[in-house]
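just a sequence and a predicted model for now, questions to come.
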Amino acid sequence: MDSTALQSTEELMKMLQKFGARFLIDIFFMFILIRFVYYRYYKRSDLFFTFFIFNIVIFLISFLLNKVELSMGAAFGLFAVFSMLRYRTEDISIKDMSYLFLVIAIGLVAAVTKIKDTSDVYEYLFLGLINTIIILSAYLFESSLLFKKENVQLIIYEKIELIKANATSELILDLKERTGLNIHRISISKIDFLKDSAQIKVYYYDAD
C-alpha cells in the first residue's frame, strides 16, 4: 500500500472515529432530554419516533456537509428537500414544536461544533457542556423551580347562562366545584347556542 492510500485510510478512520463519538454523544443527550424531561412532564411516547428521526437526520446531514466536500448545488438541494417536510396534524402543540426545535439543535451542535487548536477530548467535553446547558434550560423552565407551571385543559360546558361577561366569577366558581381544580382564569374558545354548550379553556397551577 503506497503512502497516499495509507494516508487516505488513516484520514477515513479518523473521520469514522469522530463520527462515532459525536453520534454517541448526540444520542446520549437526546435520550436524556426526551426520556427524562419531555416524557416526565407530558407522559407521551407517540412523538419519540419523530424526535429521534429528526435528530438523527439533522446530525447526518450536518456532519456530511461539514466533513465531506459537496457541490453548492447538492448542499442546497439537501436542505431544500428537508425544508419541504411539514407537519399538518393538530396533535403537535407549540410545546411539542419547541422540543422538535431542541432535538434539531442538539443534532446540529453535535455534528458541527469545532474548537480550533484543541484535542478531540476537549472538543467532546465542550460539546457535552453545550448539550447539558440545553437540557438543564429545558428542565428548569418545565419545572416549577423558577416559576409556577400553568396547566391548561379544554372543557365542554353546558350552563350557557353563565357564559356572560358579568358572570365570570360565578363561572369560575362552578368550574372549580365540578373539576376540583383551583382555576385562576379561563378563556372561552367556542360557543354553540344550538346545543347550549361552550368550549372553555381553564388555567390552573400545579402547586395549587
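Sure thing, it's come through. Residues are numbered from 1 along each chain as shown.

now the helix ranked longest in the chain, how far from the chain's geometric center?
Criterion DSSP state H: the longest helix present in the chain is helix 3-33. Relative to its chain's centre, helix 3-33 lies at 25 Å (C-alpha atoms, centre = their mean, to the nearest Å).

that helix: which residues count as buried?
Within helix 3-33, the residues scored as buried using 16 or more other C-beta atoms under 10 Å are Lys18, Phe19, Ala21, Arg22, Phe23, Ile25, Asp26, Ile27, Phe29, Met30, Ile32, Leu33. From N, CA and C alone the C-beta is placed, and that goes for glycine too.

contacts only, for the residue positioned nearest the centre of the chain.
By C-alpha atoms, centre = their mean, the chain has its centre lying nearest to Tyr99, at 0.7 Å. Counting by C-beta atoms under 8 Å, 6 or more residues apart in numbering, Tyr99 makes contact with Leu33, Ile34, Tyr38, Leu47, Phe51, Ala138.

can you give me the distance of it to Gly107?
Using C-beta to C-beta, to the nearest Å, one obtains 13 Å as the distance from Tyr99 to Gly107.

following the longest helix of the chain, which helix or strand shows up next?
Next along the chain after helix 3-33, taking DSSP states H and E as the criterion, comes helix 39-42.

now the angle from the very next helix or strand once past that next one to helix 3-33?
Next helix or strand after helix 39-42 toward the C-terminus (DSSP H and E): helix 48-67. Calculated by axes from the mean of the first three to the mean of the last three C-alpha atoms, to 10 degrees, helix 48-67 forms an angle of 150 degrees with helix 3-33.

give the buried residues for helix 48-67.
Those would be Phe51, Phe52, Phe54, Asn55, Ile56, Ile58, Phe59, Ile61, Ser62, Phe63, Leu65, for helix 48-67 by 16+ other C-beta under 10 Å.

ok, stretch 193-203 next?
Judged by neighbour count using 16+ other C-beta under 10 Å, the buried positions of stretch 193-203 are Ser197, Ala198, Ile200, Val202.
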